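1. Just to be clear, the model below is a prediction. Sequence and coordinates:
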Amino acid sequence: MSLDISGILEGWDYRPHQLIVRKIVGDDGCDKIQMRVDLGVLQMEWTDRPDGKRPHGRLSLLDHYQTVLEQQKQKYGTDTRFSLSHEDCEKLQGESYQYYYRRISFFELEAYDEAGQDADHNLAIMDLVRAYASEEKDKLEFEQYRPFVIMHRTRARGLSAVQRKDVAEALRYIEEGIEEIESFFRLYDRSDLIEQSNELKVLREWAEQIGKQRLLTPEEQLRAELQTAIDNEEFERAAEIRDELKKYQ
């Protein structure tokens with residue numbers, strides 16, 4: 001069997017500044033994601049850990065550390081003996097990067113429920129690090145990304161609701177996301193950042209767009225969706241919407 005991947009890449013060109021992904025069925029019969037990069041392709045599992053590994057026999061590193069934590073609680077009746085070293089946090093950060101790349105791929109593939117699950121995974125990592133990291137700098141390294149991941153989870157939930165044509169539910173998810181991000185800034189005594197937050201700006205503008213959809217004509221709704229796709233760098237979706245708009249020209 002040849003190890004040359006030229007055949008896989010043939011006709012599937014890399015385009016700078018665009019996220020190029022596709023869903024395939026692997027030789028094992030399982031769904032997988034391929035992401036085109038300049039020097040080749042990244043392949044990720046559709047479920048569980050993106051690289052397909054089972055660290056310490058668990059589904060993920062997060063699962064492993066959560067299991068160790070529960071074992072400590074059961075053995076000693078307290079969690080005070082459990083902590084995450086700097087090395088532990090670095091490993092968890094590596095896992096969070098994997099879930100991030102798959103999450104943005106899920107968005108591009110309009111697999112919004114799966115994108116939301118991967119956002120939940122990374123938020124759970126952040127919760128674990130915030131509670132048990134032995135070094136403060138590791139906590140801050142993760143916490144700086146919390147508003148961004150909350151925004152992604154909110155987008156995933158909202159877009160899933162929009163797919164089901166449930167605008168009211170989408171708006172509820174957006175409001176919950178906004179409140180969660182605002183609470184994060186207040187927790188760290190940085191209420192001044194609430195008005196500056198790009199994540200909050202995106203969610204508020206999106207809520208306004210969705211709220212208007214009930215009153216839009218089909219063409220206006222498509223144009224609103226096009227702008228959202230462009231803002232979110234969902235370029236393949238934007239191209240599809242442009243094709244749909246041609247029938248109104």
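-> Here it is on my side, so go on. Numbers count the residues shown, from 1 in each chain.
2. and Leu109, backbone torsions?
-> Per-residue torsions, Leu109: phi -90, psi 0 (degrees, to the nearest 10).
3. what distance separates the longest helix seen in the chain from the middle of the whole chain?
-> In the chain, taking DSSP state H as the definition, the longest helix is helix 86-108. The chain centre lies 9 Å from the centre of helix 86-108; the measure is Cα atoms, centre = their mean, to the nearest Å.
4. Quick check: next helix or strand after it?
-> helix 112-132 (DSSP states H and E).
5. if we can go back for a sec, with only the CA atoms kept, save the longest helix of the chain in CSV.
-> Taking C-alpha atoms only, helix 86-108 is exported to CSV below (Å, rounded to 0.1, in the frame of the first residue of the first chain):
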residue,chain,number,x,y,z
HIS,A,86,1.9,22.6,35.1
GLU,A,87,2.6,19.5,33.0
ASP,A,88,-1.0,18.3,33.5
CYS,A,89,-2.3,21.6,32.3
GLU,A,90,-0.1,21.6,29.2
LYS,A,91,-1.5,18.2,28.3
LEU,A,92,-5.0,19.4,28.8
GLN,A,93,-4.2,22.5,26.7
GLY,A,94,-3.0,20.2,23.9
GLU,A,95,-6.3,18.3,24.0
SER,A,96,-8.3,21.5,24.0
TYR,A,97,-6.6,22.6,20.8
GLN,A,98,-7.7,19.3,19.2
TYR,A,99,-11.3,20.0,20.2
TYR,A,100,-11.1,23.6,19.0
TYR,A,101,-10.0,22.5,15.5
ARG,A,102,-12.7,20.0,15.3
ARG,A,103,-15.3,22.5,16.6
ILE,A,104,-14.6,25.0,13.9
SER,A,105,-14.8,22.1,11.4
PHE,A,106,-18.2,21.1,12.7
PHE,A,107,-19.4,24.7,12.3
GLU,A,108,-18.3,24.7,8.7
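6. which residues touch that helix?
-> Residues from elsewhere that reach helix 86-108 (Cβ atoms under 8 Å, 6 or more residues apart in numbering): 19, 21, 33, 35, 42, 44, 49-51, 60-62, 65, 84, 112, 114-115, 118-119, 121-122, 125, 128-129, 133-135, 138, 141-142, 152, 155-156, 159, 232, 234, 236-237. Where C-beta positions appear, they are placed from N, C-alpha and C, glycine not excepted.
7. Now intersect the residues you listed with the strands, please.
-> Residues of the contacts of helix 86-108 located in strands (DSSP state E): Val21, Ile33, Met35, Leu42, Met44.
8. Name the residues of the longest helix of the chain that are buried.
-> 88-89, 91-93, 95-96, 98-108 (16 or more other Cβ atoms under 10 Å).
9. and what of stretch 15-25?
-> Neighbour counts using 16+ other Cβ under 10 Å place Leu19, Ile20, Val21 of stretch 15-25 among the buried residues.
10. Leaving out sequence neighbours, find the closest residue to the last one.
-> In space, Val21 comes closest to Ser105 once its chain neighbours are excluded; the distance is 4.4 Å by Cβ to Cβ, 6 or more residues apart in numbering.
11. helices or strands next to the lowest-mean-pLDDT helix or strand in the chain in the packing?
-> Ranked by mean pLDDT, DSSP states H and E, the helix or strand of the chain with the weakest confidence is helix 218-231, at a mean of 83. On a contact count with 3 or more Cβ pairs under 8 Å, 6 or more residues apart in numbering; DSSP states H and E, helix 218-231 meets helix 198-212, helix 235-245.
12. at 6 Å instead, please
-> helix 235-245 (3 or more Cβ pairs under 6 Å, 6 or more residues apart in numbering; DSSP states H and E).
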